[in-house]
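*Asks:* structural data only, the sequence is not supplied:
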């Protein structure tokens, strides 16, 4: 049988031209190397080198094995080194993230960059698409962490509070409501409400302010935040969005923001994970919360209680 030790012996013989020197390179006795070569020649039924030549000269069969050895041995050594590095490296794991809010990407992407720097062994991935029920992705093992706006108790799910943020009403600068200090539910009766195309239970303004008093204004939807702002600026309606998501446009005077209610309308975000993995993913929740507070304005710390 042709073995790696035989290939190494052929290379050593070709390089040194001597059984004695080849044996020394291979840390073998001359006798042991000679027995290896003799056994290989018996197996192949061919001579591999001309014994009367000094230095030793390989036969045609020996040259074929030498070519194979010079190609195969470096590849095997490279594979061995790669396996050693793999063994020494920390184990990798996947962290698939899903979100239910359209505006989350504004702060989630830099947060993911910070987490990747701190935990390079974790492979981060975003679950594509907008998800009305991201908790189901956890239960179906299609995601490992999801960003949600409600911490509805569920068996096997743990929530990490991230931050609280103010939802503000947005109007055109010349809009009649722009002169008010804050808006109340009745101010929306005659208006067109511009929202993302999501169910009402995901809209804090509708769920917590308008529906409880039976107000259902005309609706218009847009997929993108900038599209909503353009419609608002064009006096096609009014909207309610997180202050941090529109602060840049407010600073430029593109639209006007007003609080909703005298105390403001505050929403909350959580990172939800499977309970049996909460210790693994706790650093992720901590990093994204820290990044949000360092990059976004007007946030408040929340422990999950009403703000």
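*Replies:* Yes, it's here. Predicted, not measured: the structure shown is a model, and the values here were computed from it.
*Asks:* need the strands for this protein, in chain order.
*Replies:* Using DSSP state E, the strands of the chain run over residues 49-50, 57-58, 93-99, 122-126, 145-148, 157-171, 182-183, 192-195, 218-221, 238-242, 256-260, 265-274.
*Asks:* make a markdown table out of the ones you listed and add mean neighbour count, distance to residue 9 and mean pLDDT.
*Replies:* All C-beta atoms are positioned from the backbone trio N, CA, C, and that covers glycine. A markdown table is the format used below for the strands of the chain (neighbours: other CB atoms under 10 Å; distance: least, CB to CB, whole Å; pLDDT from 0 to 100):
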| stretch | mean neighbour count | distance to residue 9 | mean pLDDT |
| --- | --- | --- | --- |
| strand 49-50 | 16 | 10 | 86 |
| strand 57-58 | 17 | 11 | 88 |
| strand 93-99 | 19 | 44 | 89 |
| strand 122-126 | 15 | 43 | 88 |
| strand 145-148 | 24 | 55 | 92 |
| strand 157-171 | 23 | 61 | 95 |
| strand 182-183 | 19 | 88 | 96 |
| strand 192-195 | 20 | 77 | 97 |
| strand 218-221 | 13 | 76 | 96 |
| strand 238-242 | 25 | 72 | 96 |
| strand 256-260 | 21 | 80 | 97 |
| strand 265-274 | 22 | 56 | 94 |
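*Asks:* out of these, which is closest to residue 296?
*Replies:* Nearest to residue 296, of all those, is strand 157-171, at 7.7 Å by CB to CB.
*Asks:* out of the strands of the chain, which is closest to residue 301?
*Replies:* Here strand 157-171 is closest among these (CB to CB), at 6.8 Å.
*Asks:* which elements pack onto that closest one?
*Replies:* helix 134-139, helix 225-233, strand 238-242, helix 243-251, strand 256-260, strand 265-274, helix 278-295 (3 or more CB pairs under 8 Å, 6 or more residues apart in numbering; DSSP states H and E).
*Asks:* show me the shaky parts of this protein.
*Replies:* 86, 88-92, 102, 129-131, 304-307 (pLDDT under 70).
*Asks:* longest helix in it, by number of residues?
*Replies:* helix 60-88 (DSSP state H).
*Asks:* quick revisit: closest one to residue 302 among the strands of the chain?
*Replies:* strand 157-171 (4.1 Å).
*Asks:* residues of the longest helix of the chain that come out buried?
*Replies:* 62, 65, 66, 69 (16 or more other CB atoms under 10 Å).
*Asks:* same check on stretch 118-136?
*Replies:* For stretch 118-136, using 16+ other CB under 10 Å, the buried residues are 119, 122, 124, 127, 131, 134, 135.
*Asks:* perfect, that will be all.
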